[in-house]
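**Student:** Everything below, folded, please.
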Amino acid sequence: MEAQRKPLVSEEEKKLSVNEKLDLLDREVRLLYEFCKNSGFKPGEIEKAAAPFLNTTKRVSRRRWRKRAIDAGKIATLFAILGFALFYIDPVYRGMCFFARRTTIKMLPYWDWTNLYDQPCLIENPYYEGNQITEEDCMACESMNSIPVEENITHSVMSELYLKGLSPVIVTDAMKDWPERKNMNIGYLTELYTTHEVVKEYMSCDYLSNIRVKFGNHRVLLRKIVAGEVSTYFAHWENCFKEAARVFREVFPRPYFLPPMVEQTDTNFIFISSGFNAKSYKPIDTWSSMLTFAQIKGQNKVKVTPKMPCDKMCEAFEDTLDEGEILVVPYFLWNFSYLPVGGEENIAFGVGGNFD
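**Tutor:** Below is the predicted model of the structure:
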């Protein structure tokens, strides 16, 4: 008769909690390690003998960390998609802006953050000077009494006299080689925005108009105009997705007078109006070094205003931009705004540029 085998786990051990079992296992492993060491085994030999057990432990640990990393990635992706959706939906974005604005106002009694509002950096770098306008720069506009007008202008004159010279200029013959200009009207724009396989897929940014439309959707406004539902209007918006902006750069090519040193931006602007007699100029902000404002159809009044501290030495200038003319504005020294004028259909196209 075979001898009865002793069970590997006693009844008392089966009744232990998980933590107690782990403590028991830890003690057994430590006792085994001490036994092997006292028996003359070297640490390397002990580790080699325990390799099957250690490898299993490492695999379990790696699997656990891999699962945690995947879960963290899924959560981060979900938050990123949710954040993008919240900022993309105009009512939600406006609500978030309102809440943030209200919160910052309520913080004022406890912390005056207004001193930081106009600062370019949260922490000042004593070695960084940035592009600061000096009184020496203001000499470029001190003797100006109007916006210069040019035609058949060369790259070198545009570069040295106006871009590097920090002077705005109107070029009168800039669109002679723009074949689409003669066909340009609101109907053409509407068709381009609603049927072009690339342009129709993208929304615009910074929509501003006297006609309020849901989500600032410029296509809704264009359809209303074409359908005759709107007759008095002004609007401008930015083609802020480079795929859509690239199509408009094909419709409105690079002006002949821009020197190679100017790299045009990946975004551009559309300006439209009809029958709207504006009382105040509409400012256009861009982070680029310069702006070209091309009057494709009709007229617009334009205004360039010197930035501080040059506003004390130089004048602001206003002019009327006629069809076929382009205004070039170096943004380092000047701010730009436009005034929609009443009467017929007006269409303009703006694009920024950077140069050293």
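**Student:** Strands of the stretch 101-250 of the chain, residue ranges please.
**Tutor:** 149-150, 169-171, 205-209, 233-239 (DSSP state E, counting those that start in this stretch).
**Student:** Now render those strands as a markdown table, adding distance to R249.
**Tutor:** Using the backbone N, CA and C atoms, a C-beta is placed for each residue, glycine as well. Formatted as a markdown table, the strands of the stretch 101-250 of the chain follow (distance: least, Cβ to Cβ, whole Å):
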| stretch | distance to R249 |
| --- | --- |
| strand 149-150 | 23 |
| strand 169-171 | 18 |
| strand 205-209 | 17 |
| strand 233-239 | 9 |
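**Student:** Mean pLDDT lowest where, among those strands?
**Tutor:** Least confidently modelled of these is strand 205-209, at a mean of 89 by mean pLDDT.
**Student:** ok, that one: who's next to it in the sheet?
**Tutor:** strand 233-239 (antiparallel) (DSSP bridges).
**Student:** got the CA coordinates for the strand it pairs with in CSV?
**Tutor:** Below are the C-alpha coordinates for strand 233-239, written out as CSV (Å, rounded to 0.1, in the frame of the first residue of the first chain):
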residue,chain,number,x,y,z
TYR,A,233,-23.7,92.9,-45.5
PHE,A,234,-20.0,92.8,-44.7
ALA,A,235,-17.9,89.8,-43.6
HIS,A,236,-14.4,88.6,-43.5
TRP,A,237,-12.9,85.2,-42.4
GLU,A,238,-9.7,83.4,-42.5
ASN,A,239,-9.0,80.2,-44.5
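**Student:** My guess is V171 contacts E325. True?
**Tutor:** Yes. Using Cβ atoms under 8 Å, V171 is in contact with E325, at 6.8 Å.
**Student:** quick one, which of these two is more surrounded?
**Tutor:** Set V171 next to E325 and count neighbours by other Cβ atoms under 10 Å: V171 wins out with 25 against 22.
**Student:** Now do the same contact list for the more buried one.
**Tutor:** V149, E150, E151, I153, P255, F257, E325, I326, V328 (Cβ atoms under 8 Å, 6 or more residues apart in numbering).
**Student:** change it to 10 Å
**Tutor:** 148-153, 158, 162, 255-258, 292, 294, 324-328 (Cβ atoms under 10 Å, 6 or more residues apart in numbering).
**Student:** and of the strands of the stretch 101-250 of the chain, who's closest to F269?
**Tutor:** strand 233-239 (5.3 Å; Cβ to Cβ).
**Student:** Which residues belonging to that closest one are considered buried?
**Tutor:** Y233, F234, A235, H236, W237, E238, N239 (16 or more other Cβ atoms under 10 Å).
**Student:** do you know how far the fifth one is from L189?
**Tutor:** The one in question is W237. Note on W237: its distance to L189, by Cβ to Cβ, to the nearest Å, is 11 Å.
**Student:** where do the contact lists of the two overlap?
**Tutor:** Residues touching both W237 and L189 by Cβ under 10 Å, 6+ apart: H218, I270, I272.
**Student:** Of these, which is the most crowded?
**Tutor:** I272 (26 neighbours).
**Student:** Next, format the buried residues of strand 233-239 as JSON lines and append distance to S288.
**Tutor:** Converted to JSON lines, the buried residues of strand 233-239 look like this (distance: Cβ to Cβ, whole Å):
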{"residue": "Y233", "distance to S288": "27"}
{"residue": "F234", "distance to S288": "23"}
{"residue": "A235", "distance to S288": "22"}
{"residue": "H236", "distance to S288": "16"}
{"residue": "W237", "distance to S288": "17"}
{"residue": "E238", "distance to S288": "12"}
{"residue": "N239", "distance to S288": "14"}
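**Student:** and the residues you listed, which two are the farthest apart?
**Tutor:** Pairwise across the buried residues of strand 233-239, and taking Cβ to Cβ, the largest span is found between Y233 and N239, at 18.9 Å.
**Student:** So for the lengthiest strand in the chain, what gets flagged as buried?
**Tutor:** Longest strand in the chain by number of residues, with DSSP state E as the criterion: strand 263-274. Across strand 263-274, burial judged by 16+ other Cβ under 10 Å covers Q264, T265, T267, N268, F269, I270, F271, I272, S273, S274.
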